[in-house]
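Chemist: for reference, the sequence and a predicted model appear below.
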Amino acid sequence: MASIYSLFIISKSGGLIFYKDYGSSGRMDTNDSLRLASLWHSMHAISQQLSPTTGCTGIELLQADTFDLHCFQSLTGTKFFVVCEPGAQHMESLLKVIYELYTDYVLKNPFYEMEMPIRCELFDLNLSQAIQKDRVALLGR
Amino acid sequence: MIGAGKMKQYGNVLEKPLSKGRHEVSLSAFAFLFSELVQYNQTQVDNIAELERRLEDAGYAVGARVLELLCHREKGNRRETRLLGILSFVHSTVWKVLFGKVADSLEKGTEHEDEYMISEKELLVNRFISIPKDMGTFNCGAFVAGIVRGVLDSAGFPAVVTAHFVPMEGLQRPRTTILIKFAEEVIKREARLG
């Protein structure tokens, strides 16, 4: 079963606003997750500058021996990325779904302050449902 | 002249024929507008009860207008004069026009004679809203409670209307109950009418 190790959401200024662990492998403490998020933010920005192609929007996929990292950047600069098993499929569409949930349950929530950590019950609820559904879909294949 | 320009603009609106039937607006647009309404009111108050009251007042104005409009459009310029009539008018007609569906349930309070409850599994205004833990029992349904109070008050049924979260067994999310407590005079009048 292809599985997701963790999910990160970084605000446009590089702060970690959401982090969630799935499963036991690749577990991190709070400091590590913050470090990784800001590291990714910087790497993403540098990659845009270094890229030989014009109009590059930054790294979308990082493949390593033990994990794949899929990243999706919204138009406003909020970055969503998942760390998953190597070769996991359909991560782009999962990221889109997560982005949709973010726009619905975070941005339309009057009690959410921009750039602040996400603490929205409905977002958590719908997110776990989406991840669950994704797992079921993958299992069924 | 500024005035002349304005007159012309209004003239155009008045020349347009009255729209027939229902028009739906984008849920997202409404959600963002409502979110801004809540955020704006939050900057104007220093406690939650005050915020609730302000949202209710905003809804009250909507309710008063909705009653006027729907009596004209749906009821041929008549309005309900009996308690159950006006309640079912709110529960079905008003709900259908505002939220696109009839409210999930309309019940009579078990403990008090003057209390009625309209319940919704998921109130449209609360669709995208998560209440932070530190705000306790605050419910943005206060806006809808205000609408109900606006309708009832304008129709001659003064009442105190409040919105509450009620946890449901087997459901992850609590449902919202709009509690209507009619004024004494309304109950007396109903009794007299028989």
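Modeler: Received, thanks. Bear in mind that the values here come from a model prediction, so they are computed numbers and not experimental data. Residues are numbered from 1 along each chain as shown, chains lettered A, B, ... in the order given.
Chemist: what's near enough to touch the residue nearest to the spatial centre of chain B?
Modeler: Taking Cα atoms, centre = their mean as the criterion, B:Ile147 is the residue nearest the geometric centre of chain B, at 2.6 Å. Applying Cβ atoms under 8 Å, 6 or more residues apart in numbering or on different chains, we find B:Ile147 in contact with B:59-60, B:62-63, B:66, B:94, B:98. Just so you know, the C-beta spots here come from the backbone N, C-alpha and C atoms, and that holds for glycine as well.
Chemist: go again using 10 Å as the cut-off
Modeler: Residues in contact with B:Ile147 (Cβ atoms under 10 Å, 6 or more residues apart in numbering or on different chains) are B:56, B:58-67, B:90, B:94-95, B:98, B:125, B:141, B:161, B:178.
Chemist: residues near A:Glu121, how many?
Modeler: 16 (other Cβ atoms under 10 Å in any protein chain shown).
Chemist: again, but for B:Gln39
Modeler: Using other Cβ under 10 Å as the criterion, the residues surrounding B:Gln39 number 14.
Chemist: from B:Glu50, how far out is the most far-flung residue of chain A relative to its centre?
Modeler: Centroid-distance maximum for chain A: A:Pro52 at 25.3 Å, with Cα atoms, centre = their mean. A:Pro52 sits 58 Å away from B:Glu50, going by Cβ to Cβ, to the nearest Å.
Chemist: which SS class is B:Glu111?
Modeler: Look at B:Glu111: counting by DSSP: H, G, I helix; E, B strand; the rest coil, its state is coil.
Chemist: over to A:Phe81?
Modeler: Classified using three-state DSSP, A:Phe81 is strand.
Chemist: now do the one 5 residues further on
Modeler: At A:Pro86 the chain is in coil, as set by three-state DSSP.
Chemist: so how far is A:Gly55 from it?
Modeler: A:Pro86 sits 29 Å away from A:Gly55, going by Cβ to Cβ.
Chemist: these two: which is more packed in?
Modeler: Neighbours were counted for A:Pro86 and for A:Gly55 using other Cβ under 10 Å; A:Pro86 has more, 11 against 6.
Chemist: list the residues that contact the nearest residue to that one once chain neighbours are set aside.
Modeler: Leaving aside its chain neighbours, A:Pro86 sits nearest to A:Asp68 (5.3 Å; criterion: Cβ to Cβ, 6 or more residues apart in numbering or on different chains). For A:Asp68, the contact set (Cβ under 10 Å, 6+ apart) comprises A:2, A:5, A:61-62, A:82-88, A:91.
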